[in-house]
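K.L.:
Fold the following for me, if possible:
(one chain, ligands or ions: 1)
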Amino acid sequence: MVRPCEPAGDGTAGSHFYNGAMAPTLPSLAFLGAGSMGGAILRGVVASGVPVRGGIRATNRTVGKAGELAALPGVESIALEANPRGNADAAAQADVVFVGVKPAMVEDLLREIAPVLRAEAVVVSLAAGVTISRMEAALGAGVRVVRSMPNTPASVGKAVTGLAAGSAATTEDIATVRRVFETVGAVVEVAETQIDALSTISGSGPAYVFLLIEQLTAAAREKGFGEADARLLAEQTFVGAAALLETSGENPAELRRQVTSPGGTTERAIAVLQEAELDALFIRATDAALARAREL
Ligand SMILES: NC(=O)c1ccc[n+]([C@@H]2O[C@H](COP(=O)([O-])OP(=O)(O)OC[C@H]3O[C@@H](n4cnc5c(N)ncnc54)[C@H](OP(=O)(O)O)[C@@H]3O)[C@@H](O)[C@H]2O)c1
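P.N.:
Residues are numbered from 1 along each chain as shown. Now for the predicted structure:
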């Protein structure tokens, strides 16, 4: 599946740099269900500038949603309202097919596209809770499958995506799928048994961070700041701390120590937060998410 790195238009091999590495071309792609998550990955691929041989096709149900993607360069955006065979048409022309519809719709969609898939196509699900065995059962024996778990910072190129290979997927298939997800952030390969656990950390994780921001904002309001200042103080503190973490290369405990003078004000606040047994609280929260994933 991995195509050789072909000369770019300027005659140099490879042509594009991203994430610090030479980026070879990507094979033809289909995004079936290009909403929040599928659309974020699609936009990441387009923004990366990595050439896609054979083009990109994206499907959505409504003409309105398809219209939002129509201006993306190199993307054929299809509305099922206008072309009911759009999913099959897009899948038939793709080497890698991303399935970005809601989990309850995934298996029907896989059964629809199974007869038209290319022999070496890789089908990548973005759906929470749909197992590889269910995907393989819907697609038929021997179809190459990858299960993924991205997160919403994909829309700003800051995702963490977990990948788990199906029984027929090759090392090269995973490498190709990894390259697509690396256009929107970092990638971790795990066994499928770890995907639900990964989801409780990075899939749901942005919600935990936003909750903490909301709570710090509420504390600022309680201290007498107006809404705009409270939001600015809390939100920019998270943005700044995350940027410092990323650019410094230090671990969070060391960065925390640098703000926490012995006997000072921050130390008092941290002590109160630790009294709430945050470590146990996060384990309980992620355990609850894991239990729910197993119910679904
Ligand atoms: N959002 C997240 O944080 C997140 C994180 C990890 C994984 N995921 C997974 O990503 C998947 C999509 O979630 P989402 O949040 O992106 O939902 P979404 O924004 O509702 O996107 C789903 C898209 O599918 C389109 N669609 C509906 N029926 C279709 C069909 N039969 N064929 C092709 N397209 C169809 C919809 O188009 P219309 O709007 O025109 O109906 C919509 O744009 C889910 O399986 C979810 O588990 C989401």
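K.L.:
Could you pull up the residues touching residue 159?
P.N.:
40, 44, 150-153, 181, 184-186 (Cβ atoms under 8 Å, 6 or more residues apart in numbering). (Glycine included, C-beta is placed from N, CA and C.)
K.L.:
can you check residue 125 too?
P.N.:
99, 106, 135, 145-148.
K.L.:
farthest pair in these?
P.N.:
Pairwise distances across these (Cβ to Cβ) peak at 13.4 Å, for the pair 106 and 146.
K.L.:
Filter the contacts of residue 125 down to just the ones in helices.
P.N.:
106, 135 (DSSP state H).
K.L.:
Name the SS class of the nearest residue to residue 86 once chain neighbours are set aside, please.
P.N.:
Once flanking residues are discounted, residue 86 sits nearest to residue 78: 3.8 Å by Cβ to Cβ, 6 or more residues apart in numbering. Assigned by DSSP: H, G, I helix; E, B strand; the rest coil, the conformation of residue 78 is strand.
K.L.:
tally of neighbours for the residue in the stretch 101-250 of the chain that the ligand sits nearest to?
P.N.:
Nearest to the ligand, among the residues of the stretch 101-250 of the chain, is residue 127, at 3.2 Å (Cβ to the nearest ligand atom). When neighbours are counted by other Cβ atoms under 10 Å, residue 127 registers 23.
K.L.:
dump the residue contacts of it.
P.N.:
99-103, 106.
K.L.:
try it again with 6 Å
P.N.:
103, 106 (Cβ atoms under 6 Å, 6 or more residues apart in numbering).
K.L.:
quick one, phi psi at it?
P.N.:
phi -80, psi 140 (degrees, to the nearest 10).
K.L.:
How about residue 57?
P.N.:
phi -120, psi 140.
K.L.:
please begin residue numbering at 42 from this point
P.N.:
Renumbered: residue one is now 42, and that last one reads residue 98.
K.L.:
what about it, distance to residue 277?
P.N.:
40 Å (Cβ to Cβ, to the nearest Å).
K.L.:
Which one's more surrounded, those two?
P.N.:
Shown here are residue 98 and residue 277; by other Cβ under 10 Å, residue 98 has more neighbours (25 against 10).
K.L.:
what's the spacing between the closest residue to that one other than its chain neighbours and residue 323?
P.N.:
With sequence-adjacent residues excluded and distances taken as Cβ to Cβ, 6+ apart, residue 98 is closest to residue 131, at 3.7 Å. Taking Cβ to Cβ as the measure, residue 131 and residue 323 are separated by 41 Å.
K.L.:
Which residue of the two possesses the greater neighbour count?
P.N.:
residue 131 (26 against 13).
K.L.:
Now do the contacts for that one.
P.N.:
Residue 131 neighbours (Cβ under 6 Å, 6+ apart): 71, 98, 100.
K.L.:
pretty sure the second one is in contact with residue 117, am I right?
P.N.:
Yes. Counting by Cβ atoms under 6 Å, residue 98 does reach residue 117; the two are 4.7 Å apart.
K.L.:
Burial check on residue 205, number of neighbours?
P.N.:
Neighbours around residue 205, by other Cβ under 10 Å: 23.
K.L.:
what are the bridge partners for it, then?
P.N.:
With DSSP bridges applied, the residues forming beta bridges to residue 205 are residue 188.
K.L.:
what's the pLDDT at it?
P.N.:
Here, the pLDDT recorded for residue 205 equals 98.
K.L.:
follow-up on the earlier one: from the contacts of residue 131, pick the one nearest the ligand.
P.N.:
Out of the contacts of residue 131, the member with the shortest distance to the ligand (by Cβ to the nearest ligand atom) is residue 100, at 4.4 Å.
K.L.:
Touching, that closest one and residue 119? I think so.
P.N.:
Yes. Counting by Cβ under 6 Å, residue 119 is a contact partner of residue 100 at 4.7 Å.
K.L.:
returning to what we had before: could you save the contacts of residue 166 as TSV and add columns showing distance to the ligand and pLDDT?
P.N.:
Shown next, in TSV, are these (distance: Cβ to the nearest ligand atom, whole Å; pLDDT from 0 to 100):
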residue	distance to the ligand	pLDDT
140	8	98
147	7	98
176	12	98
186	15	98
187	14	98
188	11	98
189	8	98
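K.L.:
Most neighbours among the contacts of residue 166, which one is it?
P.N.:
residue 140 (28 neighbours).
K.L.:
Name whatever forms a beta bridge with that residue.
P.N.:
residue 73, residue 166.
K.L.:
which residues does it contact?
P.N.:
73, 147, 166.
K.L.:
Ok, residue 128 next?
P.N.:
Residue 128 sits in contact with 73, 100, 153-154, where contact means Cβ under 6 Å, 6+ apart.
K.L.:
Please apply the same query to residue 93.
P.N.:
67, 70.
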